[in-house]
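> Fold the following and give me the result.
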Amino acid sequence: MKIMITGCHGQLGNELQSIIKSGKSEIGLIADEIKNSTVIPVDIDELDISNCDQTLKFVSENKPDIIINCAAMTNVDGCETMKDVAFKVNALGVKNLAISAKRVGAKFIHVSTDYVFAGNGTKPYTEWDMINPQSVYGASKALGEKYALTFCDKTFIVRTSWLYGYIGKNFVKTVRRVIREHGGITVVNDQRGNPTNANDLAHHLLKLALTEEYGIYHCTGEGECSWYDFAVKIAEYSEMGDTVKPCTTEEYNSKYNVPTKRPEYSSLDNLALKCTVGNEMRDWEIALKEYISKVED
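Sure thing, here's the model as predicted:
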């Protein structure tokens, strides 16, 4: 089996490669069929997925059995000012991969986001809830979902949120760095969601890859919290003391001139996982504690 991973240098791409190589995640063992597969890792230096001809040629030559798309423009504020780039990567790039997957008969796993929802809910969003993105980032990712489902019938859409992994930048590492450098940090307390360990997400992507349970999935850490709650636990597990202070989104946006609206409530319910391959996502606090015990930054 050959597995092509786009965005291979990112948080999720790295976790996928690590799990495939070792044959296990922090949740448990993966199937031997996945462990013994050949990985085709690519990033922007090897393949520009927004280039249709280049993508079709690469996939045609390598003939993967599974394509896992971890490539994305995730800079939310950057998407607002560079709409063309966001569209090319988050929508056209997905379309090109989906068409390419269809041509070689590959399964296509596309990673999406909670930002496709309005972010003003009062209970966790399920896979059948209507999407209503409120930002360019969310809109470009929503269009990517549509393209994936339209152009490849063997598609898995997997939405996640608040992702952190061992390689690359993320909220956990930022909180720890700011506390070390400044002695404390102020974090918004009125935005709620699901912190997600990239190792857990990768485990479930590989579980789905062996099935034909195509469709839309949510895959986030179990339980919800605010960004402030998240930061408090980061400081606690890092033994950094009482160094996190709360603020409102309005206060934070005013101080730092944030141009893009963030979801107030975008928790996701892993309903489709529960009903198909099984939901083994860990409680967000348990997953975070293990992560902090291992992370080096």
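
> Can you list the low-confidence ranges for the stretch 101-250 of the chain?
The stretch 101-250 of the chain contains no residues with pLDDT under 70.

> can you pull out the strands in it?
107-113, 155-160, 163-164, 185-188, 192-193, 196-197, 215-218, 225-226, 244-247 (DSSP state E, counting those that start in this stretch).

> Could you work out which of these reaches nearest to residue 209?
Minimum separation from residue 209 across the strands of the stretch 101-250 of the chain (C-beta to C-beta) falls at strand 107-113, 6.2 Å. Just so you know, the C-beta spots here come from the backbone N, C-alpha and C atoms, and that holds for glycine as well.

> So in that sheet, which strands flank the closest one, and in what orientation?
Within its sheet, strand 107-113 is paired with strand 66-69 (parallel), strand 155-160 (parallel), according to DSSP bridges.

> Residue 184: which of those is closest?
Proximity to residue 184, assessed across the strands paired with strand 107-113 by C-beta to C-beta, is greatest for strand 155-160 (29.1 Å).

> Mind listing what's buried along that closest one?
155, 156, 157, 158, 159, 160 (16 or more other C-beta atoms under 10 Å).

> Ok, stretch 39-57 next?
For stretch 39-57, the neighbour count (16+ other C-beta under 10 Å) marks 39, 40, 41, 42, 43, 47, 48, 49, 50, 52, 55, 56 as buried.

> Just these: which are in strands?
In strands, defined here by DSSP state E, the members of those are 39, 40, 41, 42.

> Check those residues and tell me the two furthest apart.
Farthest pair in these (C-beta to C-beta) is 39 and 42. Separation: 10.1 Å.

> any shared contact partners between the two?
4, 5 (C-beta atoms under 8 Å, 6 or more residues apart in numbering).

> what is the mean pLDDT for the helix or strand hosting residue 17?
Using DSSP states H and E, residue 17 sits within helix 11-22. Helix 11-22 carries an average pLDDT of 97.

> Repeat that for stretch 61-79.
Mean pLDDT, stretch 61-79: 97.

> List the buried residues of it.
62, 64-74, 76, 79.

> ok, back up a step: closest one of the buried residues of strand 155-160 to residue 32?
If you rank those by distance to residue 32 using C-beta to C-beta, residue 156 comes first, at 20.9 Å.

> For burial, what's the neighbour tally of the residue nearest to residue 147 when sequence neighbours are not counted?
What sits nearest to residue 147 in space, not counting adjacent residues and going by C-beta to C-beta, 6 or more residues apart in numbering, is residue 95, at 3.8 Å. By the measure other C-beta atoms under 10 Å, the count of residues near residue 95 is 21.

> Surely residue 95 is in a strand?
No: if the criterion is DSSP: H, G, I helix; E, B strand; the rest coil, then residue 95 is helix and not within a strand.

> Residue 144 versus that one, what's the distance?
8 Å (C-beta to C-beta, to the nearest Å).

> now stretch 241-249: how far from the chain's centre is it?
Per C-alpha atoms, centre = their mean, to the nearest Å, the displacement of stretch 241-249 from the mean C-alpha position of its chain is 25 Å.

> ignore the last one, stretch 260-271
Relative to its chain's centre, stretch 260-271 lies at 13 Å (C-alpha atoms, centre = their mean).

> Stretch 169-176 now?
What separates the centre of stretch 169-176 from the centre of its chain is 15 Å, taken as C-alpha atoms, centre = their mean.

> quick one: the residue nearest to residue 147 and residue 149 touch, right?
No: Residue 95 lies out of contact with residue 149 (C-beta atoms under 8 Å); the separation is 10.7 Å.

> what's near enough to touch the closest residue to residue 269 other than its chain neighbours?
Closest residue in space to residue 269, ignoring its immediate chain neighbours: residue 124 at 3.9 Å, by C-beta to C-beta, 6+ apart. Counting by C-beta under 8 Å, 6+ apart, residue 124 touches 224, 267, 268, 269.
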